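Enquirer: Quick one, what's the 3D model for this:
(chains A and B)
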Amino acid sequence: MSGDIAANAIEVINLSSSEMPETTLLIFPPWLDHLSEYPPLGICQLGAVLEQEGLPVSLLDLGLWKEEEWKARLIPKMNEVKPTLVGISAQTSMIMMGLKIAEFIKTTHPEIKILLGGPHPTARPNEALKKSFVDYVIRGEGEIPLLELALKKDITAIKGLSYKKDGKIIHNPLPPLIDNLNELPLPARHLLDLKQYAWFPEISLMSSRGCPFPCYYCFGKVFGKKFRGRSAEQVVKEMEYLNKKYGYTKFYFYDDVFTLNKNRVLEFCNLLLERGHKFEWRCLSRIDTLDDGNFERLKMMRKAGCIKIQFGIETGDPDLMKKIKSITQEQARRVVQAAKDAGIETKCYFMIGHPWDTKESVMNTIRFAKEVGSDLSLFSIVTPFPETKLWEMAKEMGIIIEEEDRDWSTFYVNSENMDDHIMRTYTLSTRDLIRFYKKGWRELYLKTMVDMFKNPAKLLKIIKTRGIITVARSFYRKIIVP
Amino acid sequence: MKAKVLHFKKKCTGCSACFGQSPVFWKMDSDGEGFSSLIGAKEIGDHWELEVDTKEAIRANEEAAEICPVNIIHVKKYENK
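Expert: Numbers count the residues shown, from 1 in each chain, chains lettered A, B, ... in the order given. Alright, predicted model coming up:
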């Protein structure tokens, strides 16, 4: 591998030319009822780093199919690739499937080394390593540790690696964050069959890693707090490549806070305009990072093709807004309106069930979600994820009890398994939260319905994009039987 | 190369971005409103000021300045004399 990343992968044991190449298979597990819309960026980026170093690597996105199909999709891939190392990426909501896949592979091929990485194993490495079928866990950013493992570096010297020795779990120190993301190769999406994602008109990419904000419910320890941005040149080059090679014109930036660094956003917009691109893109943002008085950036972003910004506002209660996000209602209205004036659609996310939430604060959130002026608002129920400040609070509140073999499937909530939700607040029960959640959705959808009938062009656009059956079904589910 | 880091603290909203980005130089006040503080800085007129003289220190504070949502951190570089 060229560049400084390779320089960090020191003390590599060279394979002799007579040895067979050893293939690494990187797997993204199925994610309950959610089908993959984009190639998973994590395994694509890891695959690119191995590929650049000339190491054989293959990728499998099991999120492309229904959960029950995982074995039928995995077996042919295993037979084709014959991996010696299998890496499985997992968030909390998919860890149960990740472990099931790991156990199956180890049972059928005991000689294969099994590695877990991603947010959940980073938070709970011991939990994975206590399973007899898991050999390694990578904590934090995975590129360098995975490369070193694939290159057979001495495992005691691989930063970020956790492993077992004489029945004990050993955690090596965390790896340093990759300071210059421009040194990373472009994600190896070509190792997946991109035709399988063609049903979705957009592709995802990341222009930065890290988020410095201290949101109490966020884990954020894979990419860390330090914001690191790729250069505008490199990001535009990736968009151009995806456009030229696969025909994509729509892009979704997965960065935690795309708009964090003011100058970087302006440089990126200027470059897109300079090159005359007509791409459309959307991103995630925070209200305060765009509240710059004249909203120059919002105007530039629109000119450069930004069509939608998604804001995590999380609560509409004035006191909680200050406590959780250091923002005010007025500020949120101002930025959402400025985006609208610039011609950018907005989507605002709200959570119900913060530990301090009361009946009054939840009602404030529901009211504010309707009046903030966004094109769409969405509700979810607060979920305590391991090793967050919220997790500690939930333990103190008696919501979470530390246990050996937790069923993490209740940490992903949708309309089907809502009754399994575990969250409550100091004053509201789980049942109260579910009732408010349904009430919030019902009120939002009723408002949206009224707005749409006032603006039939918008209704037609949504029906055209999502299909009349999907639109009718979601209205039915949210308003009639929420 | 040296630099003066200026912090116009009165306009701080307490978002913690500077602390998250460059914790060696920034902290969050544990009392009062929980605003950010530039560690070791002196109050001069309407702002707080700290002189730094290494490339790493200048870059760390520039990074904090680049991401401050309310633009109250400024880094002014000057040559050593």
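
Enquirer: show me the contacts for residue A:361.
Expert: A:315, A:317, A:319, A:320, A:354 (Cβ atoms under 8 Å, 6 or more residues apart in numbering or on different chains). For every residue, glycine as well, the C-beta is placed using N, CA and C.

Enquirer: biggest separation within the residues you listed, which pair?
Expert: A:319 and A:354 (10.7 Å; Cβ to Cβ).

Enquirer: Which one of these two is surrounded by more residues?
Expert: residue A:354 (25 against 11; other Cβ atoms under 10 Å in any protein chain shown).

Enquirer: Next up, identify which helix or strand the more buried one is on.
Expert: Here residue A:354, judged by DSSP states H and E, is contained in no helix and no strand.

Enquirer: Need the pLDDT of it.
Expert: You'll see residue A:354 listed with a pLDDT of 97.

Enquirer: who's in contact with it?
Expert: Here residue A:354 is in contact with A:314, A:315, A:320, A:324, A:361, A:382, A:425 (criterion: Cβ under 8 Å, 6+ apart).

Enquirer: where does the stretch 301-450 of chain A dip in pLDDT?
Expert: A:413-417 (pLDDT under 70).

Enquirer: try 90 this time
Expert: Residues of the stretch 301-450 of chain A that meet the criterion pLDDT under 90 lie in A:399-423, A:445-450.

Enquirer: any chance you could map the helices in it?
Expert: A:318-325, A:329-342, A:359-371, A:389-396, A:430-454 (DSSP state H, counting those that start in this stretch).

Enquirer: Equivalent analysis for chain B, please.
Expert: For chain B, applying DSSP state H gives helices covering B:17-21, B:55-67.

Enquirer: my guess is residue A:143 contacts residue A:44, does it?
Expert: No - counting by Cβ atoms under 8 Å, residue A:143 stays clear of residue A:44, with 11.6 Å between them.

Enquirer: Please report how far residue B:1 lies from residue B:54.
Expert: Using Cβ to Cβ, to the nearest Å, residue B:1 is found at 9 Å from residue B:54.

Enquirer: With residue A:382 instead?
Expert: 42 Å.

Enquirer: for residue A:394, same thing?
Expert: Where residue B:54 is concerned, residue A:394 sits at a distance of 42 Å (Cβ to Cβ).

Enquirer: Those two: which is more packed in?
Expert: residue A:394 (22 against 11).

Enquirer: how about low-confidence regions in chain B?
Expert: Applying pLDDT under 90 to chain B flags residues B:1, B:13-14, B:30-34, B:70, B:79-81.

Enquirer: near chain A, which residues of it?
Expert: B:13-21, B:23, B:63, B:66-67, B:69-71 (Cβ under 8 Å from any Cβ of the partner chain).

Enquirer: at 10 Å what do you get?
Expert: Within chain B, the positions adjacent to chain A are B:12-23, B:26, B:28, B:33-35, B:60, B:63-71 by Cβ under 10 Å from any Cβ of the partner chain.

Enquirer: List only buried entries from those.
Expert: B:12-23, B:26, B:28, B:35, B:60, B:63-70 (16 or more other Cβ atoms under 10 Å in any protein chain shown).
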